[in-house]
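Visitor: Sequence first, then the predicted structure, then my questions.
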Amino acid sequence: MFIDPKKYQELLSSGKLEEILRGSEKGKGLVIGNPKVGQNFESFKKTGKKYSLDIRNEDILVVPDITVTDAPYLQRNSIHGIVTDRGTCIGHGAILCMYFEIAFVVGTINSTNLLKEYDRILIDGEGGRIYRVKEV
């Protein structure tokens, strides 16, 4: 779920956010959701449906990297946020996320190992930060 900058500042100042990862700055968007961790976009694929992902509105996809071949997944699904282990703010993944207007943080190094699906996280694309939400 997208949040506005005022709500973000309120959560920060109230101590309800714990910074757990940093990545490349210059991403876009503020999104709260649950991480859905996989090795690639194929990990989330719906059975028998080409380029259709088994995701919910509040899922933030966490993958090692985004490549050009992932573009059809980004185009055909309602993805609100993406976090990657690898990549830079001028790499393929970042450019695809910007094009499809998806909030993202790339280059976190170990997000696929650290984030768990039961976590509630906030991604701050512009600051390149990922927070665990203590309570909302």
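Guide: Happy to help now that I have it.
Visitor: State the helix or strand in which the spatially most central residue of the chain lies.
Guide: Nearest residue to the geometric centre of the chain (Cα atoms, centre = their mean): Ile82, 2.4 Å. Ile82 is part of strand 81-84, with elements assigned from DSSP states H and E.
Visitor: quick one: average confidence on that strand?
Guide: Averaged over strand 81-84, pLDDT sits at 94.
Visitor: Give the pairing partners of it; include direction for each.
Guide: Strand 81-84 has the following strand partners under DSSP bridges: strand 59-63 (parallel), strand 103-105 (parallel).
Visitor: Now the very next helix or strand once past it: average pLDDT?
Guide: Next helix or strand after strand 81-84 toward the C-terminus (DSSP H and E): helix 92-99. For helix 92-99, the mean per-residue pLDDT is 90.
Visitor: Specify the angle between helix 92-99 and strand 59-63 in degrees.
Guide: For helix 92-99 against strand 59-63, the angle by axes from the mean of the first three to the mean of the last three Cα atoms, to 10 degrees is 160 degrees.
Visitor: and the nearest residue to Lys26 once chain neighbours are set aside, how many neighbours?
Guide: In space, Lys26 comes closest to Cys89 once its chain neighbours are excluded; the distance is 4.0 Å by Cβ to Cβ, 6 or more residues apart in numbering. The way it works is simple: take the backbone N, C-alpha and C, and place the C-beta from them, glycine included. For Cys89, the neighbour count with other Cβ atoms under 10 Å is 19.
Visitor: tell me the contacts of Met98?
Guide: Residues near Met98 by Cβ atoms under 8 Å, 6 or more residues apart in numbering: Lys28.
Visitor: mind checking which helix or strand Ile32 is in?
Guide: strand 30-37.
Visitor: Can you check what angle separates that strand from strand 59-63?
Guide: Using the same axes, to 10 degrees, strand 30-37 lies at 60 degrees relative to strand 59-63.
Visitor: neighbours around the nearest residue to Thr67 once chain neighbours are set aside, how many?
Guide: In space, and not counting its chain neighbours, Thr67 is closest to His92: 6.0 Å by Cβ to Cβ, 6+ apart. Other residues lying near His92 total 17 when counted by other Cβ under 10 Å.
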